[in-house]
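Engineer: sequence first, predicted model second:
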Amino acid sequence: MTEDIKRMDILKKALEIEVAEKGYYEKAAASATNALARKLFERLAFEEDAHAKKFRELEVQLTRSDDWPSVEAPSWQGEELKLVFAGLKSASPQEVQVARTELDAMRDAMGRELQAYDMYRTRSAESTSPAENKFYSILAGEERMHHLALLDAYEYLTDPAGWFTVKEKWTLEG
């Protein structure tokens with residue numbers, strides 16, 4: 001398989017993944033009853049959609065030229081995801097309610113994010129183009145941040161008091 005064919009195959013697969021992830025998160029957000037879960041799923045759907053749009057743009061550009069275009073991968077560096085968690089410090093751990101389906105969706109999504117992370121990290125390492133390497137490296141970082149945000153939300157929703165102990169550096173005095 002030539003490098004150009006491999007590049008396009010990976011690009012198409014990445015686009016399929018991002019579109020599927022967007023749909024997954026939209027569905028999870030629509031059925032979420034917990035506000036944190038809903039906001040997180042909505043934000044992740046938005047970010048996956050931005051990734052998909054960038055892959056579509058790249059696909060068009062690569063059909064015109066074999067050279068990887070110098071385009072920036074969409075990256076929020078986790079800033080928008082941090083905003084999803086911003087209101088938690090004022091919440092009481094006793095008030096947290098979450099449906100099992102939301103937790104199941106988060107667990108499933110964590111696995112999906114790690115698969116995308118692995119694919120992008122691998123492609124970044126394989127690529128001979130510095131621009132393509134940088135693009136996939138940034139996207140791998142984005143997917144890793146998605147995984148960590150899901151893990152953080154999962155930990156909060158399953159053990160709010162424990163989450164506050166870790167995040168707020170609470171100490172237990174006897």
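Structural biologist: Perfect, I can see it now.

Engineer: low-confidence ranges, this protein, go.
Structural biologist: Low-confidence segments of the chain (pLDDT under 70): 1, 87-95, 169-174.

Engineer: okay, which residue is most central for it?
Structural biologist: For the chain, the residue nearest the mean C-alpha position is His146 (3.0 Å; C-alpha atoms, centre = their mean).

Engineer: distance check, Lys12 against Met110.
Structural biologist: From Lys12 across to Met110, the span is 24 Å (C-beta to C-beta, to the nearest Å). To be clear about C-beta, it is placed using only N, CA and C from the backbone, and glycine gets the same treatment.

Engineer: these two: who's more crowded?
Structural biologist: Set side by side, Lys12 and Met110 show more neighbours around Met110, with 18 against 12, by other C-beta atoms under 10 Å.

Engineer: which strand or helix spans that one?
Structural biologist: Assigned by DSSP states H and E, Met110 belongs to helix 100-126.

Engineer: buried ones in that helix?
Structural biologist: 102-103, 105-106, 109-110, 112-113, 116-117, 119-121, 123-124 (16 or more other C-beta atoms under 10 Å).

Engineer: follow-up on the earlier one: where does the residue nearest to the centre of the chain fall, secondary structure wise?
Structural biologist: Going by DSSP H and E, His146 is part of helix 130-158.

Engineer: so what's Met145 closest to, chain neighbours aside?
Structural biologist: Gly78 (4.4 Å; C-beta to C-beta, 6 or more residues apart in numbering).

Engineer: next one: Arg123
Structural biologist: Spatial nearest neighbour of Arg123, excluding adjacent residues (C-beta to C-beta, 6+ apart): Tyr136 at 4.6 Å.
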